[in-house]
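Colleague: Here's a sequence, model it:
(chains A and B)
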Amino acid sequence: MSFITGVGLTAFGRHEGSSSLDLMSKAAELAITDAGLKRADIDGILCGYSTVAPHIMLATVFAEHFGIRPAYAHAVQVGGATGLAMTMLAHHLVESNVVRHVLVVAGENRLTGQSRDASILALAQVGHPEYEVPLGPTIPAYYGLVASRYMHEYGLTQEDLAEFAVAMRRHALMHPGAQFHDAITVADVLNSKPVALPLKLLDCCPVSDGGAAFIVSREPTGEIGVRVRGCAQAHTHQHVTAAPALSELGAEIAVARAKAASGVAISDVRYAAVYDSFTITLAMLLEDLGLAGRGEAAAQVRSGHFDQDGAMPLNTHGGLLSYGHCGVGGAMAHLVETHLQMTGRAGNRQVRDASVALLHGDGGVLSSHVSMFLERTR
Amino acid sequence: MSGGKPALADWTAGAEAIAYQSCSACGSLQYFRRSFCASCGAPDPEQKYASGNGIVYATSLVCRAATPEARAHVPYNIVLVDTAEGFRMMAHGDIDLAIGDKVTARFAQFAGRLVPCFTRITS
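Modeller: Below is the predicted model of the structure:
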C-alpha cells in the first residue's frame, strides 16, 4: 500500500526573482512539514523538468540544493502527465520496499524566467521536428485541431467550451493562491483574443511561476490516510498527426486499466481532478473517463454538476485554466487540492464528501495518460 | 535511411512533393519516414509519392505565433488531411477550409521554408 502523506503548493502567478530550484524547495518544504516528517526521513526523490533551466540530472541538482542524500532519485518527463506518472512510480517504489518516503516535486519560473514566446516555442517542440514543427504550429494549435474535430463529431460549440473556462474561474475565485481573481462570463471567453481557433485566449491555460510537491509513504503519518487505490497509464502516440481516432484515445484505456487495478468504479468516485490545459482537454477527458456521457459534459458543467456543491466536484482550486500552469507543478496542484479535500482541509472550498477521488493527467497532445484512484482511510 | 535507399525528395527536403511509405510485408502505410515499418517491423518500406489529394480531417487557425518569422504569416491555417492514399498529414490550408472538404495540395513559402498548403477542389 502507499499513502499521500503530505502536500505543498505555492501560489501560482508571478514569483519575480525565484528560480525553478527556489520554487521546488518552497513546495518541498511545505510538503515535508505537512507530512510531519523531516528532510532526513526522505529517502527517495522524483522530480519533473524545467524548460527554463533544463538539466540532465535535475533530481540530483535539487537533492544537493535542498540538502538530502536520497537512496533513489531521478527526473521524470511525460509532459503534463508527469506529476501523476511520478506519483504512480512513487506508489510502486514504496509498495516494493525500495524506499519509505518519496518526495515528488516540481517547480518552474516559467512566467518570469523566460519570454512567453520562448515558452510557446519550447512547448511546440512536442510536435514532429520534420513533419509538424516547420509548419509553425503551437500547442494551442495542436489542441485546436483536436477541438475542431471533436466539435464536428459531437456537436460541441464554442459556447459549450467557454462554460469550462467560466467554471474553473469560479473555483479559482475561492482560492487565494490562484493566478486569476476576476470572474469571467461565457461572453468574455468568446470575445477573448483568438489564439488558435476554435481556441481563444480564455480557452487556454496561462503560463505561470509556481511549485508543487507531495510525499508518498508506505504508511500514513497522520490521522487520516489518503491511499493510492490503483493507477494505470496508456500511451497511444506522440504527435497529433499520428493520433488514433477520437474514440480510441488513451484516457479511456488508462482509466479502464486503473479501474481494473483498483476495483473502483466511476460510480464510487466523489471528487474529480482532471487535466485542463485547454477547455477542449477538460471536455474530452471528462467524457473519455466516463465522468460525463459522450457529448454531455458541457450541459453538465452548465448545470453545476461539477461545482463545489454539485454531484461531482471538479478541480475546486481552479485547475490549470485559472489556478495556473507552471509546467509539471501545474497538474500536481490538482493532487494537492484533492488531498486537502480528502482530509477536510479545503476551507471555504471544502466539498461534502471526497472519500474517493479520480485523478487524470494528459501529456503531449492527448498522447500520454495516467489515471489514478485515491481513497480516504481512517 | 540507414543502409536503405536514399529518401525520396519531398517538402521536408525542399522539393514540391509529398512522400510516404508502404510496407510490402503487411501493407501498412506511414507518413513519418523510417527505415522500417512501424506496424510489423519489416525493413525498407517502399517509398512513394502521394497525389496531393485528400479530405480535411481537422483545422486550426493560428492567430498567435511564437516566432517573428511565423508571425509575419498570421493568421495561417494548420490542417490535418486524410490523403487519398490513406495516411494522415499535417499541412497548411486555405483560411476558408472546413472539415470534410475535398482538397488538393500546392506548395507555398512559410518562414523561409517550403510547406504543403491545401486548397479546396470545387466539384
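
Colleague: What distance do you get for residue B:106 to chain A?
Modeller: 15 Å (CB to the nearest CB, to the nearest Å). Backbone N, C-alpha and C define where each C-beta goes, glycine included.

Colleague: quick one, what contacts residue A:135?
Modeller: B:78, B:90-92, B:110, B:115 (CB atoms under 8 Å, 6 or more residues apart in numbering or on different chains).

Colleague: Tell me which two of those sit farthest apart.
Modeller: Spanning the widest gap among the contacts of residue A:135 are B:90 and B:110, at 12.5 Å by CB to CB.

Colleague: does the residue nearest the centre of chain B count as helix, strand or coil?
Modeller: When CA atoms, centre = their mean is applied to chain B, the residue found nearest the centroid is residue B:89 (4.1 Å). The assignment at residue B:89 comes out as strand when based on DSSP: H, G, I helix; E, B strand; the rest coil.

Colleague: Tell me if I'm right that it and residue A:240 touch.
Modeller: No. Residue B:89 lies out of contact with residue A:240 (CB atoms under 8 Å); the separation is 11.1 Å.

Colleague: Near the closest residue to chain B within the stretch 51-200 of chain A, how many other residues are there?
Modeller: Residue of the stretch 51-200 of chain A nearest chain B, by CB to the nearest CB: residue A:144 (3.0 Å). As a burial measure, residue A:144 scores 31 neighbours (other CB atoms under 10 Å in any protein chain shown).

Colleague: circling back: and the contacts of residue A:135, which of them are buried?
Modeller: B:78, B:90-92, B:110, B:115 (16 or more other CB atoms under 10 Å in any protein chain shown).

Colleague: which of those residues come close to chain A?
Modeller: B:78, B:90-92, B:110, B:115 (CB under 8 Å from any CB of the partner chain).

Colleague: now these in a markdown table, with pLDDT?
Modeller: Listed next are those as a markdown table, based on pLDDT from 0 to 100:
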| residue | pLDDT |
| --- | --- |
| B:78 | 98 |
| B:90 | 98 |
| B:91 | 98 |
| B:92 | 98 |
| B:110 | 97 |
| B:115 | 98 |
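
Colleague: Closest one to residue A:101 out of the residues you listed, please.
Modeller: Nearest to residue A:101 among those, with distances taken as CB to CB, is residue B:90, at 44.7 Å.

Colleague: Can you name the residues bridging to that closest one?
Modeller: residue B:80 (DSSP bridges).

Colleague: Contacts only, for the residue of the stretch 51-200 of chain A closest to chain B.
Modeller: Neighbours of residue A:144 in contact, by CB under 8 Å, 6+ apart: A:195-199, B:59-62, B:78.

Colleague: With distance to residue A:67 added, can I get the contacts of residue A:135 in CSV?
Modeller: Compiled in CSV, those are given as follows (distance: CB to CB, whole Å):
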residue, distance to residue A:67
B:78, 47
B:90, 47
B:91, 52
B:92, 52
B:110, 50
B:115, 51
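
Colleague: and the closest residue to residue A:185 other than its chain neighbours, what is it in contact with?
Modeller: Closest residue to residue A:185 apart from its sequence neighbours, by CB to CB, 6 or more residues apart in numbering or on different chains: residue A:166 at 6.4 Å. Going by CB under 8 Å, 6+ apart, residue A:166 touches A:184-186, A:189.

Colleague: quick one on the thing from earlier: what sits in contact with each of residue B:89 and residue A:240?
Modeller: Taking CB under 8 Å, 6+ apart as the criterion, residue B:89 and residue A:240 both touch residue B:80.
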